[in-house]
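[1] all I have is the shape, not the residue letters:
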DNA sequence: TGTCCTATAGTCCACGTGGAGTATTCAAGA
DNA sequence: TCTTGAATACTCCACGTGGACTATAGGACA
């Protein structure tokens, strides 16, 4: 409520809905599920995120266990306030598109500072990399589909595929525009 | 070279290619040209950005003038190293797509934490806002086209339109999938 | 002449990020 | 048995961000 949740905080609360975990476990699960495709996950940020959630009462410590002689780890559970905050944040994120200042539009807006041939080469390069990325994403869809995972757990993949495809064809059109001279450089 | 340029630093260098300015002028010009659609521009960040560019030798002070009795303002010009850094950064930004962790995929991936009806309402809401945003962008294109501004100065608008359109139709398909039951919730 | 408003031109500090570093434990091999 | 290496489990700090705050000048109006 007070402050908006960071993306990483959303991911953490999402995990804790399924059950209590300690920070290092969260880290492992996030990597194992490849959630780090969708949120940036760094140890430093993760521990700080959990601290903040704790400070704000969105998670609570449910005991400190220890395995072997290793340092004791505090396990955290989501609180009712945490569930509310998660729902509110998700609602806000879905309902309202916010400008996230992607880098490509900026680069395009400043691209007139580069010579024509350079721009063409760079654009072709990007398209090749996009194609590789798209292959990865499609392979990911095939894999989860084969596992029989319900669609609501991987729709974000199809979204990203749609966006990358658009970017790729937009770039193709742009390249043609420059080559044909329709877009002066 | 040493560190990567921030988006705001790229915008600043882009301005200085046209001629020397002092920080407050940069701020004015960025707002006047609506560059703040594409990069986040805050006074605090801007002054710090210029300081860093200066520290790194990408811009140099070209005298301190004063208008009236107001505090003296240092005017900055781009250096050869600055031009190189700008070109390098633009090349990198165009050639390599990087994951920028947009918020919607995360929200979608976690949306199973919300009830079906809520998700549908939120998605319809977003589509309405996207439509409004698209109207704005299309009006912007009409305006610059009417002014006869060369296409290379506003291609970023057409890119953003293409992406938003894709998002909108993807959401429409997603909504239908939930409504029809193809996507279980 | 005094006052208020707006434009000008910044500064400051709390916050979140993230790379690099640290320390310990356990297992496997020489 | 000793060592090496990887996994475990963090901690620390330098950096960039951005909202809020400050201060002055010039013009408009009464």
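    Looks like it arrived, so ask away. Note that the structure is a prediction, hence the values are computed from the model and not measured. Numbering: from 1, shown residues only, chains lettered A, B, ... in the order given.
[2] all contacts plus neighbour counts: C-alpha atoms, from now on.
    OK.
[3] would you say residue A:64 is within a strand?
    Yes - under DSSP: H, G, I helix; E, B strand; the rest coil, residue A:64 sits within a strand.
[4] pLDDT score for it?
    Residue A:64 is assigned a predicted lDDT (pLDDT) of 74.
[5] thought residue A:73 was touching it, still the case?
    Yes - using C-alpha atoms under 8 Å as the test, residue A:64 is close enough to residue A:73 to be in contact (5.4 Å).
[6] wait, a strand at residue A:149?
    No - assignment of residue A:149 by three-state DSSP gives coil, placing it outside any strand.
[7] residue A:64 and residue A:73 - which one has more neighbours?
    residue A:73 (16 against 12; other C-alpha atoms under 10 Å in any protein chain shown).
[8] what's across from that one in the sheet?
    residue A:65 (DSSP bridges).
[9] just checking, it touches residue A:61?
    No - using C-alpha under 8 Å, residue A:73 is not in contact with residue A:61, being 10.2 Å away.
[10] give me the most central residue, chain A.
    Central residue of chain A (C-alpha atoms, centre = their mean): residue A:38, 1.9 Å from the mean position.
[11] and that one, what does it touch?
    Residue A:38 sits next to B:101-102, B:105-106 when contact means C-alpha atoms under 8 Å, 6 or more residues apart in numbering or on different chains.
[12] find the helix or strand that the residue of chain A found nearest DNA strand C is a member of.
    Proximity of chain A to DNA strand C (C-alpha to the nearest atom of the strand) peaks at residue A:44, 3.4 Å away. Residue A:44 is part of helix A:43-55 when elements are defined by DSSP states H and E.
[13] contacts for that helix next, please.
    Under the criterion C-alpha under 8 Å, 6+ apart, residues A:8-9, A:12, A:23, A:27, A:59-61 lie in contact with helix A:43-55.
[14] tell me which of these fall in strands.
    Mapping those onto strands (DSSP state E) picks out A:59-61.
[15] so where's chain A uncertain?
    Applying pLDDT under 70 to chain A flags the ranges A:1-3, A:65-72.
[16] looking at it, which residue is nearest DNA strand D?
    Nearest residue of chain A to DNA strand D: residue A:44, at 3.7 Å (C-alpha to the nearest atom of the strand).
[17] count of residues packed around that residue?
    8.
[18] now the helices for chain A?
    Counting by DSSP state H, chain A has helices at residues A:7-16, A:23-32, A:43-55, A:80-95, A:103-110, A:116-146, A:155-180.
[19] could I get these as CSV with distance to residue B:53?
    Output for the helices of chain A, formatted as CSV (distance: least, C-alpha to C-alpha, whole Å):
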stretch, distance to residue B:53
helix A:7-16, 30
helix A:23-32, 36
helix A:43-55, 27
helix A:80-95, 34
helix A:103-110, 18
helix A:116-146, 25
helix A:155-180, 31
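[20] quick one: closest of those helices to residue B:147.
    Evaluated over those, closeness to residue B:147 peaks at helix A:103-110, with 17.2 Å, by C-alpha to C-alpha.
[21] can you list the residues that contact the closest one?
    Against helix A:103-110 from outside (C-alpha under 8 Å, 6+ apart): B:7, B:11, B:14, B:38-39, B:90, B:93-94, B:152-157, B:159-160.
[22] how close does the residue of chain A closest to DNA strand C sit to chain B?
    For residue A:44, the distance to chain B equals 18 Å [C-alpha to the nearest C-alpha, to the nearest Å].
[23] can you flag the buried ones in the contacts of helix A:103-110?
    Buried members of the contacts of helix A:103-110, scored by 16 or more other C-alpha atoms under 10 Å in any protein chain shown, are B:7, B:11, B:14, B:38-39, B:90, B:93-94, B:152, B:154-157, B:159-160.
[24] what's the closest of the residues you listed to residue B:130?
    Nearest to residue B:130 out of the buried ones among the contacts of helix A:103-110 is residue B:160 (C-alpha to C-alpha; 11.3 Å).
[25] out of everything not next to it in sequence, what's closest to that closest one?
    Spatial nearest neighbour of residue B:160, chain neighbours left out: residue A:105 (7.4 Å); criterion: C-alpha to C-alpha, 6 or more residues apart in numbering or on different chains.
[26] count of neighbours near the one you found?
    Residue A:105: 22 neighbours (other C-alpha under 10 Å).
[27] again with residue A:61
    Residue A:61 has 16 neighbouring residues, counting by other C-alpha under 10 Å.
[28] what's the answer for residue A:17, then?
    By the criterion of other C-alpha under 10 Å, residue A:17 has 15 neighbours.
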